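Asker: Got a predicted structure here, sequence first:
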Amino acid sequence: MKDPDIRHYIHMSIFGIVAFAGIAITLLIVFRSNYAIYLSQSTIEYGDNVAFVDLVEAIGEEPVKNENRISENTIQMEEYEVTFEGYDPYVLGEQEIIAQFSDDEISDEKVKITIQDTTAPKIKIKVDEPVTMKLEDVQKKKFDSFFSVSDNYTSSAKIKIKAYIKEDTYTYEDTVNLVIEATDSNENQSQKTIEIHIEPEPEPEPEPEEKEEAESSEESQKTNSEQSSSSSVQEQQPAQSQQQTQTPSQNVTKPSNRQFLFSDGYNMGNVQSACSAALNSSGHSGACIPLQDSNGIYYGMELVFY
């Protein structure tokens, strides 16, 4: 064989090998693409225990049906099975899942999912509306016992809570709205409102002098009540004339008799002392005589001079 023929043969052989290798690589790429894993969604909510096979909607060009999902992590196709590694729903961020085929000639496939937290905190109202509060308590924001807050990811102690009255101005007997806002560590936020009715303004405290007068009046009423009870007992006993005799002053005109009546403000506790005092100051002899009506009820005392 001549040299040009040999060189031509070598060139054709090399060309054929390269062409065959290219075709083989192309077929391999096409072949592998037929086993790519396609998901219906690539995100999972934090804490949701979703079976991974429920997310797989196709392997290559072949759709996955419900009957193909034979377990939480295995899919049975016509010519092979695919088993998926597990994932952790309580770890936020991207996770890589490896799919292993029962056919050793099929290489493993990899697919990525993302665990995310998009759930807002839950606000639980613990009181019946409307809530009635004192104006002072509203101003001091005493709202902590009205609600509780929880979240699927952030602990209660780390949830940001903002509670405020929506209205800029308010006073006694107004109805206002308490706004509660809760934000977790991933900036998910929820909001609720509670209606609050403010109590009327309380009666002012009496001044010290007025207070003393009120206490004195109460004490006087108590004394009168006790004396009235005492007089009821005395009315059942014969009235006794209490006489006090003094030596009349010579050449002095006898004063007129004087009555001390309960209707004028006297009572059983002070009528005797009032009558006696008047007698003593007159300088005349006389007597204090109890007065009774036709029913035998005492209604005062009369100072009779001799």
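Answerer: Arrived safely.
Asker: CA only for contacts and neighbour counts going forward, please
Answerer: Noted.
Asker: For stretch 182-202, what is the distance to the chain centroid?
Answerer: For stretch 182-202, the distance between its averaged C-alpha position and the chain's averaged C-alpha position is 9 Å (C-alpha atoms, centre = their mean, to the nearest Å).
Asker: Residues touching it, excluding its own?
Answerer: The set of residues external to stretch 182-202 that reach it, using C-alpha atoms under 8 Å, 6 or more residues apart in numbering, is 117-123, 129-135, 138, 149, 151, 153-154, 158-162, 171-181.
Asker: average pLDDT across that stretch?
Answerer: Regarding stretch 182-202, the rounded mean pLDDT is 97.
Asker: Can you report how many residues neighbour the closest residue to F305 other than its chain neighbours?
Answerer: Distance criterion C-alpha to C-alpha, 6 or more residues apart in numbering; nearest residue to F305, sequence neighbours excluded, is G286 at 4.1 Å. The local packing count at G286 equals 23, with neighbours defined by other C-alpha atoms under 10 Å.
Asker: Output the helix or strand encompassing L303 as PDB, nothing but the C-alphas.
Answerer: Of the helices and strands defined by DSSP states H and E, L303 is found in strand 298-305. Included here for strand 298-305 are C-alpha records, laid out as PDB according to Å, rounded to 0.1, in the frame of the first residue of the first chain:
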ATOM      1  CA  TYR A 298     -92.600  62.300 124.600                       C
ATOM      2  CA  TYR A 299     -92.200  65.400 122.400                       C
ATOM      3  CA  GLY A 300     -90.000  67.600 124.600                       C
ATOM      4  CA  MET A 301     -89.600  69.200 128.000                       C
ATOM      5  CA  GLU A 302     -91.000  72.400 129.700                       C
ATOM      6  CA  LEU A 303     -89.200  74.600 132.200                       C
ATOM      7  CA  VAL A 304     -91.800  75.700 134.700                       C
ATOM      8  CA  PHE A 305     -90.900  78.500 137.100                       C
END
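Asker: Going forward, the N-terminal residue is numbered 54.
Answerer: Right, with 54 as the first residue, what we last looked at is strand 351-358.
Asker: and that strand, what does it pack onto?
Answerer: On a contact count with 3 or more C-alpha pairs under 8 Å, 6 or more residues apart in numbering; DSSP states H and E, strand 351-358 meets strand 311-314, helix 324-335, strand 339-345.
Asker: what angle separates that strand from strand 339-345?
Answerer: Comparing the axes of strand 351-358 and strand 339-345 via axes from the mean of the first three to the mean of the last three C-alpha atoms, to 10 degrees yields an angle of 160 degrees.
Asker: partners of strand 351-358, with directions?
Answerer: For strand 351-358, the pairing partners within the sheet under DSSP bridges are strand 311-314 (antiparallel), strand 339-345 (antiparallel).
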